[in-house]
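Participant: Below are the sequence and a predicted model for it; my questions follow.
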Amino acid sequence: MRKTYYLFNPGSLERKDNTLKFTPISDIETEHPVQGSPRYLPVEDINEFYVFGSLTANSALFNFLGQKDIAVHFFDYYENYTGSFMPRDGLLSGRMLLAQTSAYQDKKKRLIIAQKFIDGAVFNMLKNLQYYNRRGKDMEDIMEIMKLLSLKIPESKTVQELMGIEGMIRQTYYDAFNLILNDFEMGNRTKQPPRNEVNALISFGNMICYTLCLRAITQTQLNPTISFLHTPGERRYSLALDVAEIFKPIIVDRVIFKVLNKKEIQEKHFDKKMNKCLLNSVGKKIFIRALEDRLQETIQHRSLKRNVSYRHLIKLECYKLTKHLLKIEEYKPFKMYW
């Protein structure tokens with residue numbers, strides 16, 4: 001199984017025969033940058049890179065990465081996702097593109113798919129709350145409100161109305177974070193920039209989830225710019241936002257609860273400046289390690305009758321959507337069943 005590599009330090013990445021050579025560089029913006037010991041990475045082992053520091057590379061490298069089907073995701077200093085280098089669209093299909101566009105343009109078909117995304121997302125949020133309710137955290141009132149609000153999902157007449165319902169459900173769900181977390185408080189949901197530790201983890205984790213979904217989409221015949229819940233826009237892969245709704249509770253939120261309640265991430269792992277709260281470099285590494293552990297966990301898949309990792313579940317979700325759009329099999333969102 002190919003690995004994901006996270007580059008936290010500034011450095012240079014170049015091709016060296018059939019391997020990749022990463023050389024960390026300190027004081028990169030000074031006249032005399034200092035090079036560290038290079039690390040050689042076998043190209044067959046690499047699925048994608050996440051780049052959090054400054055990276056020096058050339059077009060020959062990206063040509064090589066494209067040939068080897070290796071993606072690169074870039075983040076700025078403030079942990080904002082800035083873009084991705086994706087290998088060429090070798091899997092794109094004219095038939096699939098027409099089917100996807102047709103479903104988006106048909107208001108009824110678009111609404112049905114959007115409702116399914118929200119139905120799956122809310123079900124998985126409730127599963128999280130049920131998990132902690134069984135462990136002595138009183139979630140009954142919050143779950144009841146969410147269940148009542150979720151009854152409005154199939155009654156929604158437009159995607160805009162559906163998004164309003166989803167917003168109310170998610171805000172109620174976030175109210176439960178204060179009950180789940182032992183030493184941190186959620187407060188109001190704030191982003192760009194996040195104002196406290198919990199919001200910083202949510203924003204960072206959600207961006208990683210978005211790129212995971214984007215990568216999975218590009219490994220199918222789906223077009224990542226044509227979405228159903230979120231409005232397609234300029235300079236964003238909005239279908240990845242749609243798919244991420246299902247997996248944020250399962251992957252990101254559960255990791256946040258774990259690293260905070262087990263004190264793996266503490267207050268010292270955040271930088272607070274001018275109403276901004278961001279993970280520092282040590283905190284990022286701890287969170288990424290916990291997230292990777294979660295992605296590599298496996299469950300017994302009911303249909304496939306074999307163990308499947310959380311990472312692979314995302315790709316399977318994209319295949320299910322593909323079958324729905326091609327009228328092979330009705331799409332049913334992934335729902336936790338354990």
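Facilitator: Here it is on my side, so go on.

Participant: Report the buried residues of stretch 53-73.
Facilitator: 53, 55, 57, 61-62, 65, 69-73 (16 or more other Cβ atoms under 10 Å). For glycine as for every other residue, the C-beta is placed from the backbone atoms N, C-alpha and C.

Participant: Other residues contacting that stretch?
Facilitator: 7-15, 20, 25, 28-29, 43, 46-51, 74, 81, 83-88, 211, 215, 218 (Cβ atoms under 8 Å, 6 or more residues apart in numbering).

Participant: Straight-line length of that stretch, end to end?
Facilitator: With Cα to Cα, to the nearest Å as the measure, the ends of stretch 53-73 fall 11 Å from one another.

Participant: just stretch 255-267 next, same as before
Facilitator: OK, stretch 255-267 end separation, Cα to Cα: 17 Å.

Participant: and if you look at stretch 249-267?
Facilitator: End to end - Cα to Cα - stretch 249-267 spans 23 Å.

Participant: which stretches of the stretch 101-250 of the chain form helices?
Facilitator: Applying DSSP state H, counting those that start in this stretch to the stretch 101-250 of the chain gives helices spanning 107-133, 140-150, 159-175, 177-180, 197-218, 238-247.

Participant: Tabulate those (a markdown table), appending mean neighbour count.
Facilitator: Shown next, in a markdown table, are the helices of the stretch 101-250 of the chain (neighbours: other Cβ atoms under 10 Å):
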| stretch | mean neighbour count |
| --- | --- |
| helix 107-133 | 19 |
| helix 140-150 | 15 |
| helix 159-175 | 17 |
| helix 177-180 | 18 |
| helix 197-218 | 23 |
| helix 238-247 | 24 |
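
Participant: out of these, nearest to Ser303?
Facilitator: Shortest separation from Ser303 across the helices of the stretch 101-250 of the chain is recorded for helix 107-133, at 15.4 Å, computed as Cβ to Cβ.

Participant: Give me the distance between the two termini of stretch 322-338.
Facilitator: In stretch 322-338, first residue to last residue: 26 Å (Cα to Cα).

Participant: same thing with stretch 50-63?
Facilitator: 18 Å.

Participant: low pLDDT regions in the stretch 151-300 of the chain?
Facilitator: Of all residues in the stretch 151-300 of the chain, those with pLDDT under 70 make up the ranges 234-235.

Participant: Quick test: name the residue nearest the centre of the chain.
Facilitator: Taking Cα atoms, centre = their mean, the centroid of the chain lies closest to Cys209, which sits 0.6 Å from it.

Participant: how close does it get to Val252?
Facilitator: 5 Å (Cβ to Cβ, to the nearest Å).

Participant: Ser238 is in contact with Ile217, isn't it?
Facilitator: No: using Cβ atoms under 8 Å as the test, Ser238 is too far from Ile217 to be in contact (10.6 Å).

Participant: between these two, what contacts are shared?
Facilitator: Counting by Cβ under 8 Å, 6+ apart, the shared contacts of Ser238 and Ile217 are Pro224.

Participant: Contacts only, for Tyr331.
Facilitator: Contact analysis of Tyr331 by Cβ under 8 Å, 6+ apart lists 113, 116, 320-321, 323-324.

Participant: An error on my part: the question was meant for Cys277.
Facilitator: 193-197, 199-200, 270-271.

Participant: and it, backbone torsions?
Facilitator: Main-chain torsions, Cys277, degrees, to the nearest 10: phi -130, psi 120.

Participant: Looking at strand pairing, list the partners for it.
Facilitator: Lys272 (DSSP bridges).

Participant: I'd like to know which elements the longest strand along the chain is packed against.
Facilitator: If you go by DSSP state E, the chain has its longest strand at strand 19-26. On a contact count with 3 or more Cβ pairs under 8 Å, 6 or more residues apart in numbering; DSSP states H and E, strand 19-26 meets strand 11-16, strand 34-35, strand 39-42.
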